[in-house]
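Trainee: coords below, sequence missing:
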């Protein structure tokens with residue numbers, strides 16, 4: 001089970017992350033209360049042990065030049081670009097010409113999107129809630145489960161996951177991974193105890 005923890009904005013949060021066995025760390029470059037810029041990303045990455053984790057950049061309806069500039073910066077060097085907006089297939093095709101890492105596409109758990117799931121040419125899909133990522137709103141697990149057997153692209157479950165519901169979500173929709181942001185926080189700050197508890201629950205479930 002892949003585990004992505006997202007929305008890191010402070011050096012002390014990166015230092016906490018280094019002690020946690022997650023697979024991906026996400027930085028939000030899209031408009032959000034967790035948004036960071038290129039300079040902040042470089043500062044934060046100085047504290048990250050990259051030997052054990054891949055770095056994901058989250059973008060939403062931003063220009064190709066903006067995304068590629070950040071993704072390919074030598075001091076950032078994203079492993080994954082995660083698109084959370086209304087980017088179309090032409091946009092993704094152009095992105096592939098300039099970026100050698102993985103591209104993920106996030107969609108809301110609405111039937112009009114889930115029915116067209118297999119039309120995307122990306123490495124992985126993120127299925128989120130029906131509102132913007134990081135909102136704490138839960139995805140529509142019933143809908144995902146209904147269409148799950150038709151999915152040809154591996155998917156990661158996002159949307160309102162926390163220590164109390166994460167195993168239930170994994171059981172119900174059988175993703176290849178989970179993606180958490182607000183579920184890692186207490187009073188808007190990443191909490192080491194929460195992160196460790198979530199990692200432990202997922203790893204114990206896999207045994």
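Mentor: Now that the structure is in, tell me what you want to look at. Fair warning: this is a prediction, and the values are worked out from it, not measured in the lab.
Trainee: by contact count, what packs against the longest helix that the chain contains?
Mentor: Taking DSSP state H as the criterion, the chain has its longest helix at helix 192-206. The helices and strands touching helix 192-206, judged by 3 or more C-beta pairs under 8 Å, 6 or more residues apart in numbering; DSSP states H and E, are strand 2-6, helix 11-17, helix 166-173. C-beta here means a position set from N, CA and C on the backbone, and glycine is covered the same way.
Trainee: Let me know which of these is the nearest to residue 65.
Mentor: For the helices and strands packed on helix 192-206, the distance to residue 65 is smallest for strand 2-6, at 23.7 Å, taking C-beta to C-beta.
Trainee: Which secondary structure element is home to the residue most central in space within the chain?
Mentor: The chain has residue 179 as the residue nearest its centroid, 5.1 Å off, counting by C-alpha atoms, centre = their mean. According to DSSP states H and E, residue 179 maps onto strand 177-180.
Trainee: in that strand, what's buried?
Mentor: Across strand 177-180, burial judged by 16 or more other C-beta atoms under 10 Å covers 177, 178, 179, 180.
Trainee: mean confidence score for whichever strand or helix holds residue 104?
Mentor: Using DSSP H and E, residue 104 sits within strand 102-108. The pLDDT scores in strand 102-108 average 97.
Trainee: after it comes which helix or strand?
Mentor: helix 111-114.
Trainee: Need the contact partners of the helix or strand that that following helix is followed by.
Mentor: Proceeding N to C from helix 111-114, the next assigned helix or strand is strand 124-128, under DSSP H and E. Contacts to strand 124-128, defined as C-beta atoms under 8 Å, 6 or more residues apart in numbering, come from residues 82, 84, 102, 104-109, 114, 117, 133, 139, 144, 151, 153-159, 173, 175-177, 179.
Trainee: And for stretch 27-41?
Mentor: By C-beta under 8 Å, 6+ apart, the list of residues contacting stretch 27-41 reads 6-9, 44, 55-62, 67, 69-70, 73, 76, 84-85, 132-134, 181, 188.
Trainee: Can you select the buried ones from these in ChimeraX?
Mentor: Only the buried entries of those go into this ChimeraX selection, using 16+ other C-beta under 10 Å:
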select :6,7,8,9,44,55,56,57,58,59,60,62,67,70,76,84,85,132,133,134,181
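Trainee: from the contacts of strand 124-128, which would you call buried?
Mentor: Buried residues within the contacts of strand 124-128, counting neighbours by 16+ other C-beta under 10 Å: 82, 84, 104-109, 114, 117, 133, 139, 144, 151, 153, 155-159, 173, 175, 177, 179.
Trainee: rewinding a little: can you list the strands that the strand holding residue 104 pairs with?
Mentor: Its sheet considered, strand 102-108 pairs with strand 80-83 (parallel), strand 124-128 (parallel) by DSSP bridges.
Trainee: tilt between it and strand 2-6?
Mentor: Compare the direction of strand 102-108 with that of strand 2-6 by axes from the mean of the first three to the mean of the last three C-alpha atoms, to 10 degrees and you get 70 degrees.
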